[in-house]
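>>> Structure for this input, please:
(one chain, ligands or ions: 1)
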Amino acid sequence: MTASGLVELRELAVGYAEAPVLTGIDLRIDAGEIVSIIGASGSGKSTLLRAMVGLLEPAAGAVYLFGQDLYATRPRSRGRVLSRVGVLFQNDALFSSMSVLDNVMFPGRKLTDLPDDVIHELALIELARLGVDELAERMPQAISGGQAKRVALARANVLAPELIFCDEPTASLDPINAEVLGRELTRLRDAQGSTVVLVTHDMQVVRSLSDRTVVIAAGGICAAGAPAMLEGSDNPHVQALFRLDPVRQAPGGE
Ligand SMILES: Nc1ncnc2c1ncn2[C@@H]1O[C@H](COP(=O)(O)OP(=O)(O)OP(=O)(O)O)[C@@H](O)[C@H]1O
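This next block holds a predicted model:
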């Protein structure tokens with residue numbers, strides 16, 4: 001069976017030893033979309049993301065990336081698929097034993113056969129674009145949270161992936177850094193043509209960045225659509241998320 005979306009989940013069940021966290025997940029994401037995945041804490045957003053990036057084998061169903069069944073392909077083909085994917089993990093997950101530069105060079109070294117000097121150049125270009133190239137020789141413990149987030153995004157994007165997954169890209173960032181990150185994700189889509197899938201609690205990000213939002217509740221997808229459409233939904237799970245964080249009024253607004 002073939003898959004035509006950039007990402008396709010078919011009848012996916014995923015979870016841990018005891019029982020699946022999510023079941024019956026069907027989702028298609030097309031090239032060039034920015035899709036946000038939202039849901040209450042513990043609803044399974046990160047679990048779904050792990051399954052989509054090859055880190056958590058589904059209990060049932062399939063994950064297709066670029067038309068390839070991720071868990072049914074041989075390790076070599078899976079590596080080729082994953083070299084087209086960038087991941088910004090929750091809490092950045094920089095390797096503490098490696099410098100900032102080595103962290104950003106890591107995907108190139110692991111997933112490609114490019115010469116090291118080319119990978120070095122790509123990493124420096126990406127760090128410079130995000131305004132953190134002067135931190136290249138530092139260790140991750142010696143940079144701030146906002147800087148770590150930029151470094152992590154540089155690492156996720158160093159191979160200019162067609163598909164980028166981000167787990168909580170703006171968590172623990174101040175509003176200015178959150179806006180920088182948001183602008184950067186939009187730029188990756190608009191200038192680089194990447195497709196962006198993000199898990200977030202930040203409703204500002206949901207409203208301002210996403211073309212489409214997928215709401216996870218009660219072990220499955222309970223709603224999906226443009227944020228403006230979901231805003232008016234009468235589904236109680238959707239209402240809870242949007243009403244908990246109503247649209248911020250402009251200064252001087254009603
Ligand atoms: N490694 C694990 N082993 C067993 N259970 C886990 C593991 N990781 C998460 N869970 C459980 O799976 C469920 C979904 O967790 P998940 O982290 O996907 O939720 P989430 O929606 O991303 O939450 P949050 O918004 O708080 O980050 C939770 O009940 C959680 O306790």
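>>> Report the beta-bridge partners for residue 22.
Residue 22 forms beta bridges with residue 14, as assigned by DSSP bridges.
>>> I'd like the distance between it and residue 235.
As judged by CB to CB, to the nearest Å, residue 22 and residue 235 stand 17 Å apart. Bear in mind the C-beta positions are built from the backbone N, C-alpha and C, glycine included.
>>> quick one, which of these two is more surrounded?
Ranked by neighbour count (other CB atoms under 10 Å), residue 22 and residue 235 place residue 22 first, with 25 against 14.
>>> doesn't residue 47 make contact with the more buried one?
Yes: counting by CB atoms under 8 Å, residue 22 does reach residue 47; the two are 6.5 Å apart.
>>> Overlap in contacts, these two.
Common contacts of residue 22 and residue 47, defined by CB atoms under 8 Å, 6 or more residues apart in numbering, comprise 14, 15.
>>> What strand or helix carries residue 102?
Of the helices and strands defined by DSSP states H and E, residue 102 is found in helix 100-111.
>>> Just the CA trace of that helix, in PDB.
Taking C-alpha atoms only, helix 100-111 is exported to PDB below (Å, rounded to 0.1, in the frame of the first residue of the first chain):
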ATOM      1  CA  VAL A 100      27.900  23.300  20.800                       C
ATOM      2  CA  LEU A 101      29.700  22.900  17.400                       C
ATOM      3  CA  ASP A 102      30.000  19.100  17.700                       C
ATOM      4  CA  ASN A 103      26.300  18.900  18.700                       C
ATOM      5  CA  VAL A 104      25.300  20.700  15.500                       C
ATOM      6  CA  MET A 105      27.700  18.600  13.400                       C
ATOM      7  CA  PHE A 106      26.300  15.400  14.900                       C
ATOM      8  CA  PRO A 107      23.400  14.800  12.400                       C
ATOM      9  CA  GLY A 108      25.800  15.300   9.400                       C
ATOM     10  CA  ARG A 109      28.300  12.800  10.900                       C
ATOM     11  CA  LYS A 110      25.700  10.200  11.800                       C
ATOM     12  CA  LEU A 111      23.400  10.400   8.800                       C
END
